[in-house]
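Participant: I'll drop the sequence and a predicted model, then ask my questions.
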Amino acid sequence: MALLIKLTTPGPVMADIPLRAGRGGKSFKMYKFRSMVVGAHDLLHKDPRYKELLKKYRKNSYKLSIDEDPRITGVGRFIRKTSIDELPQLFNILQGEMSLVGPRAYYPFELEEQQEKYPETKEYVNIILSAKPGLTGTWQISGRSEINFDKRVEMDAKYIQTRSILYDIWIILRTVPAVLTSRGAV
């Protein structure tokens, strides 16, 4: 995958994404294969040509569909639909920053802005930040980007409150069909 990214697009193989909030709200660098043009995050937030896209991104709980985001590369469309871009997060797991199963790894600014929009989610966010984020989790197997922030954090918090080895195995088994069908992939 790294070779394919390098041969088809200029720039690094790994995505340069903003830090994510881990356990205790501690920031960490999450690894992902690059599926977008170099500087995609800055383009969205600073380039006036993307003003309307940024509004939609914020309105849609910090998600854009693959088809509507012009920053995604040709190879990027494939690796996002198949979730291959997430595989480098195995390094985050080995470093102890993430776990195989857990809540989504949120952007700190996303948590802040979305809690203003959904004030009832503050308790859920506190629960989420008490655990390591996961490579997969309940929201990933339940529709991913089709789920708004308020429902997503509720699902993540309920997972943390009821997690068990059997529940984790069930989530891992459900991840395979979720990835194969690309349901909710962005």
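Facilitator: Yes, it's here. For clarity, every value in this text was computed on a predicted model and none was experimentally measured.

Participant: any weak-confidence spans in the protein?
Facilitator: For the chain, the stretches with pLDDT under 70 are 61, 144-145, 182-186.

Participant: So in it, which helix runs the longest?
Facilitator: helix 165-181 (DSSP state H).

Participant: Give me the contact list for that helix.
Facilitator: Outside helix 165-181, the residues that touch it by Cβ atoms under 8 Å, 6 or more residues apart in numbering are 82-83, 100-101, 136-138, 140-141, 144, 159, 184. From N, CA and C alone the C-beta is placed, and that goes for glycine too.

Participant: taking those residues one by one, which sit in strands?
Facilitator: 100-101, 136 (DSSP state E).

Participant: So for the longest helix of the chain, what gets flagged as buried?
Facilitator: Buried residues in helix 165-181, counted by 16 or more other Cβ atoms under 10 Å: 168, 171, 175, 178-179.

Participant: same question, stretch 133-148
Facilitator: In stretch 133-148, the ones that count as buried by 16+ other Cβ under 10 Å are 133-142, 144-145, 147.

Participant: What is the end-to-end distance of that stretch?
Facilitator: 18 Å (Cα to Cα, to the nearest Å).

Participant: Off-centre distance for it?
Facilitator: The chain centroid and the centroid of stretch 133-148 are separated by 8 Å under Cα atoms, centre = their mean, to the nearest Å.

Participant: of all the buried residues of stretch 133-148, which two lie farthest apart?
Facilitator: Greatest spacing in these, by Cβ to Cβ: 135 and 147 (17.5 Å).

Participant: Isn't residue 154 up against residue 125?
Facilitator: No. Assessed by Cβ atoms under 8 Å, residue 154 is found out of contact with residue 125, at 10.3 Å.

Participant: Tell me where the chain has strands.
Facilitator: With DSSP E as the criterion, the chain has strands spanning 20-21, 27-28, 99-101, 134-136.

Participant: Quick check: which of those strands is nearest to residue 55?
Facilitator: strand 20-21 (22.9 Å).

Participant: and the closest residue to residue 20 other than its chain neighbours, how many neighbours does it have?
Facilitator: Spatial nearest neighbour of residue 20, chain neighbours left out: residue 105 (4.1 Å); criterion: Cβ to Cβ, 6 or more residues apart in numbering. By the measure other Cβ atoms under 10 Å, the count of residues near residue 105 is 21.
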